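Student: Everything below, folded, please.
(chains A and B)
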Amino acid sequence: MAKDPVCGMFVDERSAKLTAKVRGVTYFFCSETCMQEFLAPEKELRTLKIGVLASVLLSFPILVLTYIPLLPPSLTRYSLFAMESPIQFVIGWRFYKGTYNSLRNKMGNMDVLIALGTTTAWAYSTAVTFDPAAFIFPGVYFDTAAVIITLILSGRLLEHYSKSRASAAVRKLADLQPTLARRIEDGTERVVPVEEVRPGDSLIVGPGEKIPVDSIVIEGDSTVDESMLTGESIPTEKSVGDEVIGATVNLSGVLRLRAEKVGQDTALSQIVRLVEEAQVGKAPIQRVADRVASFFVPAVIAIATVSGLFWYFFGHIGLDFSLLAFVSVVIISCPCALGIATPAALLVGTSKGAQNGVLIKGGDYLEIASKINTAVFDKTGTLTVGQPSVTDIVPLDSIGQEELLLKAASAEFGSEHPLGQAIVKDAMNRSLSLQKVQHFEAVAGKGVRAILDKDEIILGNRHFINENGIELAGSEVLLTEMEEAGKTIVIMSINRRLAGAIALADTLKISAKSTIDELNDMGIEVIMLTGDNPRTAKAIANELGIKTYFAGILPHEKEKIIEQLQKEGKIVAMVGDGINDAPALARADLGIAIGSGTDIARESGGIVLIKDDLRNVANAIRLSRKTLSKIRQNLFWAFAYNVLLIPIAAGALVPIFGAQIYGFLPFLAAGAMAISSVTVVTNSLLLFRFGNTAKMKGRK
Amino acid sequence: MSANHRNQIRRLAFSVRDADCAQCLLGIEKKLKGLDGVINVGSSVMLNKIYVDFDETKLKLSDIEESIQKSGYAANLIRETSVQPRNR
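Tutor: As a prediction, the model looks like this:
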C-alpha cells in the first residue's frame, strides 16, 4: 500500500509511474505536481548542503593563506582572489538573486545585506589585488567575505532543520489521512482507495483499523480512539447512530458505517486547513514587527554608511577598517529574526493546540485569548449535558404520582421543548400509555395548553401559571425549595386548579466545576447565562462556584449582555455552541465554540474545541498565554540582539580596543546573524512541552 | 450550478520555493495585493506558503501564477477552496 507523501492519496505501486528515492526510501506520487512539491525542498536542501560543504572547504585554505605567509604577498593575493571568487559568485549566487527579487518587489530582505556586505569586502580586496600600489596598506579581506558566506549558509541549514521540526506537527496531522476503505458493493466487500468513497457508501471497519471518512454508525458497537484529533486519551464508545471521525482508530468491535463526508469536507481536512491558515491571520503584535522589518534594511544600510564615513573622515582608522565597519553593521543586523519571531511561536502554539483538540484560528485570536479576563458560559448544553431529566413528581391535589405524570406527558406529547420531551421520555420509561389530546397549543418560553378528556390542562412555568390566574397558595414553599436546589419546575393545573408539579434537572458536565475553578485561579471571572428562573440559576451557580450569573435570559438577549460587559471594560470570551450561539460568539472579543460535530469550518468563534470537553476552555487560554509570552520573548531577543550589536559593529568598542577589532568583528557579525534565526525557532520549539491540565490532572 | 455559486471568492494555497525569509514572502504579498480582484493575501514563513483570496469574475488563476513568477519565486498551487466567511 503506497501513499503519496504530499497529498496523502493512495497510489498503486504496480502501476505507479512517478517514483523518487530519497535517503533510501522509495516514494510514489499521484501526479507531477505532487512529485515536484515533494522533491523541490529536497533539492533545495541538497543545494544548501553542497554550498556549505564547498564554502567550508574553500574557506579553510583562504584562512591559512591569509594568516600564514606561505607565499609572496602578490601571489597570496591572486590565490585568495581565485579561491574566494567562486564562493562569492557561485555559492553566493543565491544572495544576488534574492537581492534582485527584493529590489523588484521593493521589499528589503537579508539577502540585500549579505550581498552588499560581502561584495564590499570582495570589491575592495580585488582592487587591492590588481593595483596594490594605489593603497597605503595593501591588505586583502577575501577571508572576511568567505567566512561570512560560510557562516550564513550554515545558519540557513540549521534554520532549515529547526523550521522543519516546527512544522512536523502539521505534517503529522495531514499524515493521519487513511488511504484505503472497505466498501460494501452489492453485498460483497471490496477494498477501494479512500478518494473513491462517496457520501452514502456503506463501509466496514474492523478492530484496529482506521475509520476511512467521517461517517455514521449503522451497525455494531465499538470503542474508538480519537486521541489523534481530540487529545482525549480515553476511547469513546460508539454505537448505532453515532458519528465517527475519519482517521480515528476503531478498537474493539466491527462497525458498519454510512459515509457522510469525504475529501476536503472531512473533519481532518478541515482541521489541517484551519491550522495552516491560522498561520496567516496576523497577531497585532506581528504587524508591528513587520512594519519595523520593512524599513529595517534601508535603515541598516544608512547606519552602516554613516559609521563607515565617520570612521574614515573623523576616526582616521584607514579606508580598510572603515569599510569593515560598514560591512560589520550590514552583516550583524538581522531582519530575519524579527520576521520569524512571531510565526515560529505561532506555528508551534497552534500545532500543539491542534494535537489536543484546540483549534485556534489565527494569531489575532491567540493574542486576544491571552488577554481575556471574563469568560461567559451558556448554561444549557455548555455547563450542563443539555438533556434535562425528571427528578421529582409532586402531586399537590388529590391525584396520584403516576396519573400526574401521565396527564403531563400526554399534554406535552408533540412539544419540541427539551423539558416537555424529558417529561414524555420519563412517562415512556415507566411504560405509561399516553392519552390522545383533543387540542394542543404551545406558548413559546412559557408552557402548553391542552384539552384532555374534556379537562383543560395548563402546564408551564410560574409566569404562565400566574398569567392564567391559578393560585399556588400553600404550595409556594415546597416549589421554592425545589428551585433553590437547582431544579426547574413545571407546574400543572387541571381546569384552572393546581394539580401538581414536576421537577427536572440537567446534569452538570463532569469537568464543569474543575474548569471554573481553574479559570478563577487564572484570574478570569466566570459568568453564567441561563433561561432558568433566578432561584434555580443561583443554586447551579453556587454549586459551580460562579459568583455572577444572569437568569431568565432569552436566546437573543445573550449578545446584549456581552455588549454590556464589554462596555464595563471587560475583555470577554463567550463559550457556547458554535452554531446556535453564533451571534453571541461573534459579539464577544473571543468566541470559543464547543464542538458539536464534524463540521468544524462552520463553527463560528476564534477558537473551536473539537471535543465537548470543558477543560479545553482553560487549556486554550493557557496555551494562548504561553504562546504569546513566547512571541514576546522572541521579539525581545530579536530586537535586543539588533539594538545591542549594531552599535558594537558600528564601532562603539573601538575607543576601548582600538580599530584592530575590525579584523575580527565581521566574523562575529556573521556568526551572530547565522544563529539569530535558529535561536528564535529553537526557543519556540520549547512550546511543544506545554502540558494540558486534562492530561496532567487526570479526569475529575 | 447557480449564478451565485460561480461568483464565489476562491482561496488558493501555494507553496513557495527559494523564499528563505519573512521579508521575501512579504514582497510577493505586496505584488499580489496590487492586482485588481485580489481580496486578501497572507503568507506563512514557517510553512513557506502563500494564500490568495480572489474574485473569479475579475481574475484568472493564471494571472496570479504569473504575478508570483514575476516576483522572482517559484510556486506550486497545492489547494483550491471556496472561502468560508471569517467571523469571530
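Student: Can you give me the buried ones in the lengthiest helix in chain B?
Tutor: The residue-count maximum for a helix in chain B (DSSP state H) belongs to helix B:22-33. For helix B:22-33, burial by neighbour count (16 or more other Cβ atoms under 10 Å in any protein chain shown) applies to B:Ala22, B:Gln23, B:Cys24, B:Leu25, B:Leu26, B:Gly27, B:Ile28, B:Glu29, B:Lys31, B:Leu32. (C-beta placed from N, C-alpha, C; glycine too.)
Student: How about stretch A:439-449?
Tutor: So stretch A:439-449, judged by 16+ other Cβ under 10 Å, has buried residues A:Phe440, A:Ala442, A:Lys446, A:Gly447, A:Val448, A:Arg449.
Student: just those residues that are near chain B?
Tutor: Applying Cβ under 8 Å from any Cβ of the partner chain, the subset of the buried residues of stretch A:439-449 adjacent to chain B is empty.
Student: In strands only, show me those residues.
Tutor: Counting by DSSP state E, the part of those found in strands is A:Phe440, A:Ala442, A:Gly447, A:Val448, A:Arg449.
Student: one step back: which other residues reach the longest helix of chain B?
Tutor: By Cβ atoms under 8 Å, 6 or more residues apart in numbering or on different chains, the residues outside helix B:22-33 that reach it are A:98, A:101-102, A:104-111, A:290, A:293-294, A:297, A:335-336, A:338-340, A:343, B:16, B:19, B:38, B:41-45, B:48, B:50, B:52, B:64, B:67-68, B:70-71, B:73.
Student: Quick check on A:Asn105: phi, psi?
Tutor: Here is the backbone geometry of A:Asn105 (degrees, to the nearest 10): phi -90, psi 0.
Student: Let me know the pLDDT of residue 21.
Tutor: Assuming you mean chain A. You'll see A:Lys21 listed with a pLDDT of 81.
Student: that answer is for a different chain, and I need it for chain B
Tutor: Reported pLDDT for B:Cys21: 76.
Student: burial count for whichever residue of the stretch 451-600 of chain A sits closest to chain B?
Tutor: Here the residue of the stretch 451-600 of chain A nearest chain B is A:Ala586; by Cβ to the nearest Cβ that distance is 5.1 Å. Residues lying near A:Ala586 (other Cβ atoms under 10 Å in any protein chain shown) number 16.
Student: Then A:Glu243?
Tutor: The tally of other residues near A:Glu243 (other Cβ under 10 Å) stands at 16.
Student: Likewise for A:Ala169?
Tutor: Around A:Ala169 there are 18 other residues, counting by other Cβ under 10 Å.
Student: Would you confirm that it contacts A:Gly349?
Tutor: No. Taking contacts as Cβ atoms under 8 Å, A:Ala169 lies outside contact range of A:Gly349: 10.4 Å.
Student: what's near enough to touch A:Ser227?
Tutor: Per Cβ under 8 Å, 6+ apart, neighbours of A:Ser227: A:Ser233.
Student: picking that back up, the residue of the stretch 451-600 of chain A closest to chain B belongs to a strand?
Tutor: No. Assessed with DSSP: H, G, I helix; E, B strand; the rest coil, A:Ala586 is helix; it does not lie in a strand.
Student: how about the helices in chain B?
Tutor: So, for chain B - with DSSP H - the helices run B:3-6, B:22-33, B:61-70.
Student: out of those helices, which comes closest to A:Ser493?
Tutor: Comparison of the helices of chain B against A:Ser493 by Cβ to Cβ identifies helix B:3-6 as nearest, at 51.8 Å.
Student: Let me see the mean pLDDT of the closest one.
Tutor: 44.
Student: On the C-terminal side of the helix or strand A:Val477 falls within, identify the next helix or strand.
Tutor: Per DSSP states H and E, A:Val477 falls inside helix A:476-484. Moving toward the C-terminus from helix A:476-484, the next helix or strand (DSSP H and E) is strand A:488-494.
Student: For the helix or strand following that following strand, give me every contacting residue.
Tutor: Following strand A:488-494 in sequence order, the next helix or strand is strand A:497-505 (DSSP H and E). Residues outside strand A:497-505 that contact it (Cβ under 8 Å, 6+ apart): A:388-397, A:399, A:404-405, A:407-408, A:419, A:422-423, A:465, A:470-473, A:475, A:478-479, A:482, A:486-493.
Student: Direction included, what does strand A:497-505 pair against?
Tutor: Strand A:497-505 has the following sheet partners, assigned by DSSP bridges: strand A:389-395 (antiparallel), strand A:488-494 (antiparallel).
Student: Mind checking those strands for the one nearest to A:Arg615?
Tutor: So among those, strand A:389-395 is nearest, using Cβ to Cβ, at 24.2 Å.
Student: Just after the helix ranked longest in chain A, pick out the following helix or strand.
Tutor: In chain A, with assignment by DSSP H, the single longest helix is helix A:32-67. Later in the chain than helix A:32-67, the nearest helix or strand by DSSP H and E is helix A:73-86.
Student: That following helix relative to helix A:32-67, how many degrees between them?
Tutor: 170 degrees (axes from the mean of the first three to the mean of the last three Cα atoms, to 10 degrees).
Student: re the thing from before, only C-alpha atoms, please: export the longest helix of chain B in PDB.
Tutor: Output of helix B:22-33 as PDB, limited to C-alpha atoms (Å, rounded to 0.1, in the frame of the first residue of the first chain):
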ATOM      1  CA  ALA B  22       9.600  36.500   6.000                       C
ATOM      2  CA  GLN B  23      10.500  39.600   4.000                       C
ATOM      3  CA  CYS B  24      10.800  37.600   0.800                       C
ATOM      4  CA  LEU B  25       7.200  36.400   1.200                       C
ATOM      5  CA  LEU B  26       6.100  39.900   2.200                       C
ATOM      6  CA  GLY B  27       7.500  41.000  -1.200                       C
ATOM      7  CA  ILE B  28       5.300  38.500  -3.000                       C
ATOM      8  CA  GLU B  29       2.300  39.600  -0.900                       C
ATOM      9  CA  LYS B  30       2.900  43.200  -1.900                       C
ATOM     10  CA  LYS B  31       2.900  42.300  -5.600                       C
ATOM     11  CA  LEU B  32      -0.300  40.300  -5.300                       C
ATOM     12  CA  LYS B  33      -2.100  42.900  -3.400                       C
END
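Student: Mind pulling up the pLDDT for the residue nearest the centre of chain B?
Tutor: In chain B, the residue lying closest to the centroid (Cα atoms, centre = their mean) is B:Val52, at 2.2 Å. B:Val52 is assigned 92 on the pLDDT scale.
Student: Report the beta-bridge partner residues of it.
Tutor: Under the criterion used (DSSP bridges), B:Val52 bridges to B:Leu12, B:Val41.
Student: Now do the contacts for it.
Tutor: Contacts for B:Val52 were tallied using Cβ under 8 Å, 6+ apart; they are B:Arg11, B:Leu12, B:Phe14, B:Leu32, B:Val38, B:Asn40, B:Val41, B:Ile64.
Student: switch the cut-off to 7 Å
Tutor: B:Leu12, B:Leu32, B:Val38, B:Val41, B:Ile64 (Cβ atoms under 7 Å, 6 or more residues apart in numbering or on different chains).
Student: so where's the chain uncertain?
Tutor: No chain in the question, so chain A it is. For chain A, the stretches with pLDDT under 70 are A:1, A:596-597, A:692-700.
Student: meant chain B actually
Tutor: Residues of chain B that meet the cut-off, pLDDT under 70, sit at B:1-7, B:84-88.
Student: Spell out which parts of the stretch 151-300 of chain A neighbour chain B.
Tutor: By Cβ under 7 Å from any Cβ of the partner chain, the residues of the stretch 151-300 of chain A that approach chain B are A:Arg156, A:Lys163, A:Ala166, A:Ser167, A:Val170, A:Gln264, A:Glu276, A:Glu277, A:Gln279, A:Val280, A:Asp290, A:Ala293.
Student: May I have the residues that are in contact with the second one?
Tutor: I take that to be A:Lys163. When contacts are counted by Cβ under 7 Å, 6+ apart, A:Lys163 touches A:Val681, B:Met46.
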